[in-house]
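Trainee: quick one: sequence plus predicted model below, questions after.
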Amino acid sequence: MKSRPRLIALVGGSGAGKTWLSSRLQQVLGLPVTRLTLDDFYRDQSHIPSALRKLINFDHPRAIDWRLAEVALRRCREGRSVHVPRYSFVTHTRRRAFRILTPKGIVLVDGLWLLWRYRIRRLFDFSIFLHCPARLRLDRRLARDMANRGRDDRSVRRQFQKTVAPMHKRFVAPQMRWANMVIRQPLGREEVEHISLVIKEMVGPNMRKVLCAAMGSKR
């Protein structure tokens, strides 16, 4: 019987290092990995005048299209291809073209609120919460938003104080109670390797052999 993909949630606040950890794990696991991010499932705001979109609280879970996200995660668990939306954080709109994602043996999913809803939380085989100091998260968010999202220093700081920090306290931090593992930032090579070993143990030797054989056949 073919083993289904294993879904692993990487959860933490904005700037906690979720994307970085996902990328590093993909490199060190030595197994076929697919990456998915909850950021792709922000609701399309094209029906709202662009001048008013900045007033939306994008740090609240309701900013996510949970129905579409759940469909995508379920299809990943079933090993079926997924049409993933592509979101622009510059315009806060969904691009017309979707990308097709084919889940491999391990699916790393990063997001702010992956454990908040029971229907979503139960779809994961393993979950990791990244605990990161607010100061470090703000510094990382400043660097990211100013470089990639067309933001300025003042607007990023204002949003962090007005919505990011309070929403983190209300919706993000409480998810630690549901995580299988809590990791404190900053992470080093040893911590990443430890997480990799934990994931490999969770996958089990039989599935590792299948995944390695599949990966080898594609080289």
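Mentor: Received the coordinates, thanks.

Trainee: what stretches of the protein score poorly on pLDDT?
Mentor: 1-2, 205-219 (pLDDT under 70).

Trainee: what ranges do the helices span in it?
Mentor: Here the chain has its helices, by DSSP state H, at 18-28, 50-53, 66-77, 118-121, 134-148, 153-159, 165-167, 189-203, 205-217.

Trainee: turn those helices into a markdown table, including mean neighbour count.
Mentor: From N, CA and C alone the C-beta is placed, and that goes for glycine too. Output for those, formatted as a markdown table (neighbours: other C-beta atoms under 10 Å):
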| stretch | mean neighbour count |
| --- | --- |
| helix 18-28 | 18 |
| helix 50-53 | 10 |
| helix 66-77 | 18 |
| helix 118-121 | 14 |
| helix 134-148 | 15 |
| helix 153-159 | 14 |
| helix 165-167 | 17 |
| helix 189-203 | 15 |
| helix 205-217 | 13 |
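
Trainee: closest one to Phe89 among these?
Mentor: Of all the helices of the chain, helix 134-148 sits nearest to Phe89, with 7.5 Å by C-beta to C-beta.

Trainee: what's the angle between the closest one and helix 18-28?
Mentor: The directions of helix 134-148 and helix 18-28 differ by 80 degrees, with axes from the mean of the first three to the mean of the last three C-alpha atoms, to 10 degrees as the criterion.

Trainee: and helix 134-148, how far from the chain's centre?
Mentor: Counting by C-alpha atoms, centre = their mean, to the nearest Å, helix 134-148 is centred 17 Å from the centre of its parent chain.
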